[in-house]
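Peer 1: Kindly return the folded structure for what I paste below:
(one chain, ligands or ions: 2)
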Amino acid sequence: MEDILWGLIIGFPLGLVLGLSIWCCCCLMNQKTCNTNIKTSLPIQVTGANPGTGANSDSTGTGQDSPRTSGWSIYMIQWLEGLIKRKNVASACGIPNYAFKDLQSATLDFSTIIGKGAFGSVYKAHMETGETVAVKVLGTNSVQGEIEFLTEVVLLGRLHHKNLVNLVGYSTEKGHQHMLVYDYMSNGSLSSHLYDENREPLRWDLRVQIALDVARGLEYLHYGAVPPVLHRDIKSSNILLDHSMRARVADFGLSRQEMMIPHTSKLMGTIGYLDPEYVSTKKFTKKSDVYSFGVLLFELISGRNPQQGLMEYVELAAIDAEGTGGWGEVADTRLDGNFDVKELTVIAALAYKCIINPISGKRPSIRDIVQNLYWTCSRRNQTQNVPDRAEEPCFEFDIPLSHERSFTELER
Ligand SMILES: Nc1ncnc2c1ncn2[C@@H]1O[C@H](COP(=O)(O)OP(=O)(O)OP(=O)(O)O)[C@@H](O)[C@H]1O
Ligand SMILES: [Mg+2]
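Peer 2: Ligands and ions are numbered 1, 2, ... in the order given. Sure, this is the predicted structure:
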């Protein structure tokens, strides 16, 4: 009896202490998991109430990341960071990692601002080599910005095409903001040409050429890059124009290799350009880029953007087009009637095919679109007997890097 009493006296407090310890451990582990989730779950980025400014309208109301998505994000950040730290990117892609002071002096101590977007500010810079470049400085404290920075370096470092903005360097110096260095596109963004009243209206033939250039850039991403890349943020402010008004696709921060996009991922992109099928299924495909491209085509035709009721306008015009009137009435008034009606009708009908079909599979591929625009351009050039600026459809294939394997492994 005395033994039992002693057992109870010693056993009860011991059990209590043991139980409390186990409970505390569980709580601590739970808290750690929660913290990790908070750190790794990214805000939904549906950018741009105003495509000209690129303002972010982060929303948090459209559902949670699945555990797989969160895991995917943290693995991706760790993997990309590791890659940058080991300087594999620079050596593999051959793009230099600039010292902060070099970019500071090239931008006259960051006084030459040329634009501002969701990512941060962009500065014009004159390098010691004589080159003029654009330096994009990452805003501070943004996990999303960090991912976009790393994505641009890793993806754009290996993608080379005359219709993609060239990444010529980056900077990751400790204690300073991360920066991306691009070829300078002296004619700025397409959106500024379409919507800035101080600029001359874009001529019709230039609009068609720009459409073809963008389509070729996308064709390269979808069919020339190995593995294929989806841009995921095609819009007029992400199309930049060089000194001779040739267009290049910019901003690859949201881009992903096709196989790397988790179907459960949060909505990314810009309001007004988002494929409705992507919005409902969260599955981004090549045809989602095609949808955004269709919106861009209508922007070029009409000089309106989605925030100015572009789609409602198009729907109304489509009723007319199917009846008698054709697409003439959607033409930008700034064109002042200076356009080829037949060409406009062909291109508007093409744009409509990109956006009207709720089943993305029925939309044309970007290859079909390139062919269509190419024939439109070259037919005109032949009839007007002008040198062909359209050139044969072509794209260079890129060489897959050895680290592609890591991407595949992460997917598994
Ligand atoms: N390589 C470049 N050459 C010349 N100007 C550039 C270059 N890159 C960006 N810019 C200018 O900086 C502006 C801001 O670009 P940025 O990509 O940061 O923002 P955005 O495209 O307006 O919006 P978002 O953040 O939604 O992409 C562009 O509109 C353009 O005028
Ligand atoms: Mg941009």
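Peer 1: Not counting sequence-adjacent ones, nearest residue to the residue of the stretch 251-400 of the chain found nearest ligand 1?
Peer 2: Of all residues in the stretch 251-400 of the chain, residue 251 sits closest to ligand 1, at 4.7 Å by C-beta to the nearest ligand atom. C-beta coordinates here come from the backbone N, C-alpha and C atoms, glycine included. With C-beta to C-beta, 6 or more residues apart in numbering as the criterion, residue 251 has its nearest non-adjacent residue at 4.3 Å, and that residue is residue 238.
Peer 1: Just list the residues touching the one you found, thanks.
Peer 2: 189, 249-251 (C-beta atoms under 8 Å, 6 or more residues apart in numbering).
Peer 1: Spit out the contact partners of the closest residue to ligand 2 within the chain.
Peer 2: For the chain and ligand 2, the shortest gap (C-beta to the ion) falls at residue 251, measuring 3.8 Å. Residues in contact with residue 251 (C-beta under 8 Å, 6+ apart) are 117, 119, 152, 165, 233, 238.
Peer 1: Now the fifth one: phi and psi?
Peer 2: According to degrees, to the nearest 10, the main-chain angles of residue 233 amount to phi -150, psi 50.
Peer 1: Going along the chain, name the helices of the stretch 101-250 of the chain.
Peer 2: All helices of the stretch 101-250 of the chain, identified by DSSP state H, counting those that start in this stretch, fall at 143-151, 190-195, 204-219.
Peer 1: who does the second one touch, helix- and strand-wise?
Peer 2: Identification of packing neighbours for helix 190-195 by 3 or more C-beta pairs under 8 Å, 6 or more residues apart in numbering; DSSP states H and E yields strand 239-241, helix 286-302.
Peer 1: The shortest one vs ligand 2: in contact?
Peer 2: No. Where contact is defined by C-beta under 5 Å from the ion, no part of strand 239-241 touches ligand 2; the two come within 8.5 Å at best.
Peer 1: Quick check: buried residues in that strand?
Peer 2: Buried residues in strand 239-241, counted by 16 or more other C-beta atoms under 10 Å: 239-241.
Peer 1: Export those residues as CSV, with columns for distance to ligand 1 and pLDDT.
Peer 2: Converted to CSV, the buried residues of strand 239-241 look like this (distance: C-beta to the nearest ligand atom, whole Å; pLDDT from 0 to 100):
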residue, distance to ligand 1, pLDDT
239, 9, 98
240, 5, 98
241, 9, 98
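Peer 1: any idea which of those residues is closest to residue 309?
Peer 2: Taking C-beta to C-beta as the measure, residue 309 lies nearest residue 239 of those, at 21.1 Å.
Peer 1: check contacts around that closest one.
Peer 2: 189-191, 210, 214, 247-250, 296.
Peer 1: mind checking how far it is from residue 184?
Peer 2: Separation of residue 239 from residue 184 (C-beta to C-beta, to the nearest Å) stands at 15 Å.
Peer 1: Ok, residue 118 next?
Peer 2: According to C-beta to C-beta, residue 118 and residue 184 sit 21 Å apart.
Peer 1: can you check residue 128 too?
Peer 2: 15 Å.
Peer 1: Have a look at those two and say which one is more surrounded.
Peer 2: Higher neighbour count among residue 128 and residue 184: residue 184, with 20 against 8, using other C-beta atoms under 10 Å.
Peer 1: Could you check how far the residue nearest to the more buried one when sequence neighbours are not counted is from residue 258?
Peer 2: In space, and not counting its chain neighbours, residue 184 is closest to residue 132: 4.3 Å by C-beta to C-beta, 6+ apart. Distance, residue 132 to residue 258, by C-beta to C-beta: 34 Å.
Peer 1: Next: residue 241.
Peer 2: Distance from residue 241 to residue 258, counting by C-beta to C-beta: 28 Å.
Peer 1: and what of residue 316?
Peer 2: With the distance defined as C-beta to C-beta, residue 316 ends up 35 Å from residue 258.
Peer 1: Poorly predicted segments of the stretch 201-350 of the chain, please.
Peer 2: 261-265, 323-325 (pLDDT under 70).
Peer 1: near ligand 2, which residues of it show up?
Peer 2: So the stretch 201-350 of the chain meets ligand 2 at 238, 251 (C-beta under 5 Å from the ion).
Peer 1: try it again with 6 Å
Peer 2: 237-238, 250-251 (C-beta under 6 Å from the ion).
Peer 1: Residue 372: which of these is nearest?
Peer 2: residue 238 (22.0 Å).
Peer 1: what number of residues lie near residue 188?
Peer 2: Residues lying near residue 188 (other C-beta under 10 Å) number 15.
Peer 1: wait, isn't it in contact with residue 240?
Peer 2: Yes. With contacts counted by C-beta atoms under 8 Å, residue 188 reaches residue 240, the gap being 6.9 Å.
Peer 1: Tabulate the residues of the stretch 201-350 of the chain next to ligand 2 in TSV, adding columns for distance to residue 221.
Peer 2: Compiled in TSV, these are given as follows (distance: C-beta to C-beta, whole Å):
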residue	distance to residue 221
237	18
238	13
250	12
251	12
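Peer 1: and which of those is nearest to ligand 1?
Peer 2: Proximity of those to ligand 1 (C-beta to the nearest ligand atom) peaks at residue 237, which lies at 3.8 Å.
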